[in-house]
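Novice: attaching a predicted model along with its sequence, questions to come.
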Amino acid sequence: MPGGRLTQQERQQIALGLADGLAYAEIARRLDRPTSTVTREVMRNGGPTAYRADLAHRATERRTHRRRPTASRGAEASPQAHGRDAEAVREFEETFTTVLIASGMPKMMARVMACLTLTDAGSLTASELAQHLQVSPASISKAITFLDEQGLVRRERDERRRERYAVDDDVWYQSMMASARSTAQIVGIAREGVGVLGNATPAGTRLENIARFLDFVTESITRAAEQAREILHTKAEAPSGAAEPGSDRG
């Protein structure tokens, strides 16, 4: 499997693959590259609908030129637990961050969210986040405040009374429920607009259609999220037929 940066020809092949509607995995297979490499390349250069090979190539060269003076600092990758490949972990974290940014999350918040999600420790302090991401404590504080307001991180204290930040297992359930509540407000205001504009008018009909669609989707997502949480996060109970010690009276 080839390593190193993507060539301009490979970027052109990625653009052609996207135009043909191919999945990232299929494009990666044709290039003999990891799927994460193709995903990161596309998401950091406009996404699948706006990706342009020539623009992506120039942007990468500019980023490489800016990073060159500090490249030696990151050359010594910290040891990885569980025998992981340090470079593969770094690349995946970058890919995960890029996808979060593409979903609408601000860049620094996405970097902190990815870092917390991928740590084995389960939580990190502000100084640990700042050291890992090579940013100022003020940047970390701002990102944590945003994520906390969105219900995406949890604050806790360790034995040394230091504040730590963690991402719970059901963080995406909480995020989906918050999104559902937000969408429900749109449904409510749309239906209010129907009363103002008249349900027999074109504008009123449009608002009613919006409200019905969003109401249906929100209800479906909420129900699915609750079912998934119950199934995936409920501990399996012991079989009801299991015999207790001393219960055999044969």
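Specialist: Done, it's in.
Novice: for this protein, what's the longest helix?
Specialist: Taking DSSP state H as the assignment, the helix of the chain that covers the most residues is helix 202-233.
Novice: helices or strands up against that helix?
Specialist: Packing partners of helix 202-233 (3 or more C-beta pairs under 8 Å, 6 or more residues apart in numbering; DSSP states H and E): helix 171-197. The C-beta positions use only the backbone N, C-alpha and C, and glycine is treated the same way.
Novice: and the helix it packs on, what does it pack against?
Specialist: Using 3+ C-beta pairs under 8 Å, 6+ apart, helix 171-197 sits against helix 202-233.
Novice: swap in 10 Å and give it another go.
Specialist: With contacts taken as 3 or more C-beta pairs under 10 Å, 6 or more residues apart in numbering; DSSP states H and E, helix 171-197 sits against helix 107-118, helix 202-233.
Novice: got the contact list for whichever helix or strand comes after the first one?
Specialist: Translated: helix 107-118. Scanning forward in sequence from helix 107-118 by DSSP states H and E, the next helix or strand is strand 123-125. Strand 123-125 is contacted from outside by 112, 115-116, 130-132, 140, 153-156, 158, 160, 162-167, using C-beta atoms under 10 Å, 6 or more residues apart in numbering.
Novice: strand partners (parallel or antiparallel) of strand 123-125?
Specialist: If you go by DSSP bridges, strand 123-125 pairs up with strand 163-166 (antiparallel).
Novice: from the chain's centroid, how far away is the partner strand?
Specialist: Offset of strand 163-166 from its chain centre (C-alpha atoms, centre = their mean, to the nearest Å): 19 Å.
Novice: list the buried ones in that strand?
Specialist: 164-166 (16 or more other C-beta atoms under 10 Å).
Novice: same check, this time on stretch 87-102
Specialist: For stretch 87-102, the neighbour count (16+ other C-beta under 10 Å) marks 92-102 as buried.
Novice: put the alpha carbons of that stretch into PDB.
Specialist: C-alpha atoms of stretch 87-102 as PDB (Å, rounded to 0.1, in the frame of the first residue of the first chain):
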ATOM      1  CA  GLU A  87       0.800   7.800  12.700                       C
ATOM      2  CA  ALA A  88      -2.400   5.900  11.900                       C
ATOM      3  CA  VAL A  89      -3.900   7.200  15.200                       C
ATOM      4  CA  ARG A  90      -2.900  10.800  14.300                       C
ATOM      5  CA  GLU A  91      -4.400  10.500  10.800                       C
ATOM      6  CA  PHE A  92      -7.600   9.100  12.100                       C
ATOM      7  CA  GLU A  93      -8.000  11.900  14.700                       C
ATOM      8  CA  GLU A  94      -7.500  14.400  11.900                       C
ATOM      9  CA  THR A  95     -10.100  12.600   9.800                       C
ATOM     10  CA  PHE A  96     -12.600  12.400  12.700                       C
ATOM     11  CA  THR A  97     -12.000  16.100  13.400                       C
ATOM     12  CA  THR A  98     -12.600  17.100   9.800                       C
ATOM     13  CA  VAL A  99     -15.900  15.200   9.600                       C
ATOM     14  CA  LEU A 100     -17.100  16.900  12.800                       C
ATOM     15  CA  ILE A 101     -16.200  20.300  11.200                       C
ATOM     16  CA  ALA A 102     -18.100  19.300   8.000                       C
END
